[in-house]
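Engineer: Sequence below, structure please.
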Amino acid sequence: MDISINTPALLFPAISLVMLAYTNRFLALSNRVRSLHDKYVENQTNNKTIHAQIKSIRYRLKLIKHMQTLGVITFIACIFCIFFVYINEMLAANIFFAISLIAFTISLIISLIEVQLSNKAIELQLSDIEGLENPGMIEYIKSKF
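Structural biologist: Predicted coordinates for the structure are as follows:
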């Protein structure tokens, strides 16, 4: 398959938007860490919910670090791909384009996992406040009608 300079360049806006989303998720988590830290220092209690949230946040921060790393690798691989297309080395260009697609795909998969963990963390917070169990989708729909 022959690719032009435009082919990897098409990924730049998508990568930029995804990296912005990853950064926003990181900033939201860092704010949550600060608030949990303050709550923990004020209460000095052995609250299991706070400990579970901290454990979840640590894991989610690691995931975000990997997501961002793979996003940067995607950028770099796209730049190399454009360079190799420019100097007419199509084999190397195709390899770097494949690397960028694979890194971007893995980054999005990790992002999906992080979003799922984020939802579980919110459910944990709600269960602590309201004492509710997490209803399944069918039970939720039945309760609305």
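Engineer: From the rest of the structure, what touches stretch 73-93?
Structural biologist: Residues outside stretch 73-93 that contact it (CB atoms under 8 Å, 6 or more residues apart in numbering) are 2-5, 7-9, 11-12, 15, 19, 94, 96-97, 99-100, 103-104, 107. Placement of C-beta: from N, CA and C, glycine included.
Engineer: again, 6 Å this time
Structural biologist: 5, 8, 11, 15, 96-97, 99-100, 103-104 (CB atoms under 6 Å, 6 or more residues apart in numbering).
Engineer: Show me the two of those residues that sit farthest apart.
Structural biologist: The span of those, defined through CB to CB, is set by Ile5 and Ala103 at 19.6 Å.
Engineer: Compare neighbour counts for these two and give me the winner.
Structural biologist: With other CB atoms under 10 Å as the criterion, Ile5 and Ala103 differ in neighbour count, and Ala103 comes out ahead with 21 against 12.
Engineer: confidence score at the more buried one?
Structural biologist: On pLDDT, Ala103 comes in at 96.
Engineer: Checking Thr69 next. Helix, strand or coil?
Structural biologist: Following DSSP: H, G, I helix; E, B strand; the rest coil, the label given to Thr69 is helix.
Engineer: let me redo that: Glu42
Structural biologist: helix.
Engineer: Where does pLDDT dip in the chain?
Structural biologist: For the chain, the stretches with pLDDT under 70 are 1, 44-46, 127-145.
Engineer: if you set the cut-off to 90 instead, what comes out?
Structural biologist: Applying pLDDT under 90 to the chain picks out residues 1-13, 16, 26, 28-58, 117-145.
Engineer: Which residue is the nearest non-sequential neighbour of the residue nearest the centre of it?
Structural biologist: Residue closest to the mean C-alpha point of the chain, counted by CA atoms, centre = their mean, is Ser111 at 3.1 Å. Excluding the flanking residues, the one nearest Ser111 by CB to CB, 6 or more residues apart in numbering is Met67, at 5.3 Å.
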